[in-house]
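In: give me the fold of what follows.
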Amino acid sequence: PDEAAAHGVQHCSSRQTTQDLERDMERLKVSFQNKTLALQRMQLTAALRNKVKQNDNDSGLIMEIMKQIVTLSRAVIEYQQQAREKEQKLMDLKRKRLSLKKAGGQKLLQIHTMMKKQKEEQTSKNVSKALETICNNLRKEREMTTVIQNIFQNIIIGSRVNWAEDPSLKSIVLQLEKNVY
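Out: Prediction:
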């Protein structure tokens with residue numbers, strides 16, 4: 001078991017070493033290519049300088065082409081700057097749009113809360129009106145019931161019947177004397 005573990009560690013270590021070597025190799029290749037390109041540019045520049053010093057038709061053409069290259073390079077730099085400025089403006093607009101969207105959401109929530117509150121207040125007013133109407137109706141019903149009780153009592157008393165001896169009349173008269181309130 002110890003040999004297997006040692007072999008596993010050794011295998012893992014060799015794989016790591018291989019990956020490190022591959023990364024180093026890739027880095028060296030890129031560095032070599034960059035140096036080769038720089039060397040080629042320097043050789044080309046030296047050859048162009050020598051050709052321009054000859055001051056013949058080809059050197060005039062080379063100078064014209066170089067002037068065009070410089071002009072085009074400046075234009076590219078200017079367009080890149082404009083593109084960066086436009087990208088910045090776009091980012092600013094996106095930020096502003098996001099903040100407006102958040103503000104709109106908050107306003108919508110406030111409106112929703114306000115409408116809910118108004119609806120609750122309206123419901124409360126409706127309930128209050130309904131309760132007031134019910135109380136008024138109940139008061140009127142009690143008043144009418146009291147009037148009717150008094151009429152019945154007066155009818156029984158006015159009929160000069162001895163209601164105290166008749167158990168059914170006695171219960172009616174006693175019931176009529178109870179206060180409806």
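In: the top helix by length along the chain packs against which elements?
Out: Counting by DSSP state H, the longest helix found in the chain is helix 57-158. With contacts taken as 3 or more Cβ pairs under 8 Å, 6 or more residues apart in numbering; DSSP states H and E, helix 57-158 sits against helix 2-53, helix 167-177. (Glycine included, C-beta is placed from N, CA and C.)
In: of all these, which lies closest to residue 128?
Out: helix 167-177 (34.9 Å; Cβ to Cβ).
In: flag every buried residue along that closest one.
Out: residue 173 (16 or more other Cβ atoms under 10 Å).
In: any idea how far residue 109 is from the residue most central in space within the chain?
Out: Nearest to the geometric centre of the chain sits residue 102, at 6.5 Å (Cα atoms, centre = their mean). Taking Cβ to Cβ, to the nearest Å as the measure, residue 102 and residue 109 are separated by 11 Å.
In: likewise residue 93?
Out: Going from residue 93 to residue 109 by Cβ to Cβ gives 24 Å.
In: again, but for residue 103
Out: Residue 103 is 11 Å from residue 109, by Cβ to Cβ.
In: now do residue 27
Out: 55 Å.
In: what does stretch 64-80 rub up against?
Out: residue 48 (Cβ atoms under 8 Å, 6 or more residues apart in numbering).
In: any weak-confidence spans in this structure?
Out: By pLDDT under 70, the weakly predicted segments of the chain are 1-12, 179-181.
In: try it again at 80.
Out: 1-13, 51-52, 55-60, 163, 169-170, 172-181 (pLDDT under 80).
In: I'd say residue 59 and residue 50 touch.
Out: No. Under the criterion of Cβ atoms under 8 Å, residue 59 is not in contact with residue 50, lying 9.4 Å apart.
In: ok, now which ones touch residue 153?
Out: Residue 153 neighbours (Cβ under 8 Å, 6+ apart): 173, 176-177.
In: coming back round to it: so for residue 160, which of the helices and strands packed on helix 57-158 sits nearest?
Out: That would be helix 167-177 among those, by Cβ to Cβ, at 12.1 Å.
In: cool, thanks, talk later.
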